[in-house]
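Colleague: here are the coordinates; sequence isn't available:
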Ligand SMILES: CCCCCCCC/C=C\CCCCCCCC(=O)SCCNC(=O)CCNC(=O)[C@H](O)C(C)(C)COP(=O)(O)OP(=O)(O)OC[C@H]1O[C@@H](n2cnc3c(N)ncnc32)[C@H](O)[C@@H]1OP(=O)(O)O
């Protein structure tokens, strides 16, 4: 079970290709808290998200959904650490400082992929997260991510 509202639906003014509700040609992923330091996301690929072979998901799309799922987790965590509901008061923004993806097995295009993100460590300027992407029940990619807090006028 997770909270009813998606993290992305609480972050204002987000036009991001991977996670922005304001981007009607984007992937519009949705992430949810499942625990103190953990979030999940289910993304259903479209056929045009394929790699060279049409049955597999493109690696750039895999990186994008892992990027967006983890950075949105860091942003929501930033609000939590500030003692505020996500999207309330002064904006809290993080950008990707590092996204290190390991592609372990091909992900299927015709099944939803399941992502989990875990916060490993946080400090004032940055949050270290780990992400896992599963397709067809097996781990297809893992990522090590550094989210860096940036000014809210970016
Ligand atoms: C361009 C869009 C930005 C989005 C802004 C948020 C909007 C919110 C709205 C709606 C939600 C949207 C959600 C988006 C989701 C998708 C996210 C993306 O795809 S973001 C695009 C790709 N990323 C970039 O274009 C960053 C380019 N890089 C930079 O601007 C700088 O390099 C930056 C901000 C990452 C850091 O630069 P410094 O000079 O400000 O800060 P320093 O002092 O270098 O780093 C601060 C801390 O972070 C560590 N750090 C930085 N990069 C690291 C790395 N690669 N590995 C390990 N640590 C790193 C440093 O060691 C330092 O740590 P110590 O405080 O000393 O402990």
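Modeller: Alright, I've got the coordinates. This is a predicted model, so every value here is computed, not measured.

Colleague: looking only at pLDDT, what's the mean for stretch 80-94?
Modeller: On average, the pLDDT along stretch 80-94 is 96.

Colleague: now the residue nearest in space to the middle of the chain, what's its secondary structure?
Modeller: Centroid check for the chain by Cα atoms, centre = their mean gives residue 69 as the closest residue, at 0.6 Å. Classification of residue 69 using DSSP: H, G, I helix; E, B strand; the rest coil returns helix.

Colleague: which pLDDT value does the model give the residue of the chain positioned farthest from its centre?
Modeller: Of all residues in the chain, residue 53 has its C-alpha farthest from the mean position, at 25.0 Å, by Cα atoms, centre = their mean. We have a pLDDT of 96 for residue 53.

Colleague: ok, it to residue 107 distance?
Modeller: According to Cβ to Cβ, to the nearest Å, residue 53 and residue 107 sit 12 Å apart. The way it works is simple: take the backbone N, C-alpha and C, and place the C-beta from them, glycine included.

Colleague: tell me the contacts of the residue nearest to the centre of the chain?
Modeller: Counting by Cβ atoms under 8 Å, 6 or more residues apart in numbering, residue 69 makes contact with 19, 29, 31, 39, 41, 115, 117, 131.

Colleague: shouldn't residue 77 be within a helix?
Modeller: Yes - read with three-state DSSP, residue 77 is one of the residues of a helix.

Colleague: mind listing what it touches?
Modeller: Residue 77 sits next to 37, 119, 122, 127 when contact means Cβ under 8 Å, 6+ apart.

Colleague: relative to residue 12, how far out is the closest residue to the second one other than its chain neighbours?
Modeller: Taking Cβ to Cβ, 6 or more residues apart in numbering as the measure, residue 119 lies nearest to residue 37, with 4.1 Å between them; neighbours along the chain are not counted. As judged by Cβ to Cβ, residue 37 and residue 12 stand 24 Å apart.

Colleague: between those two, tell me which one has more neighbours.
Modeller: residue 37 (16 against 11; other Cβ atoms under 10 Å).
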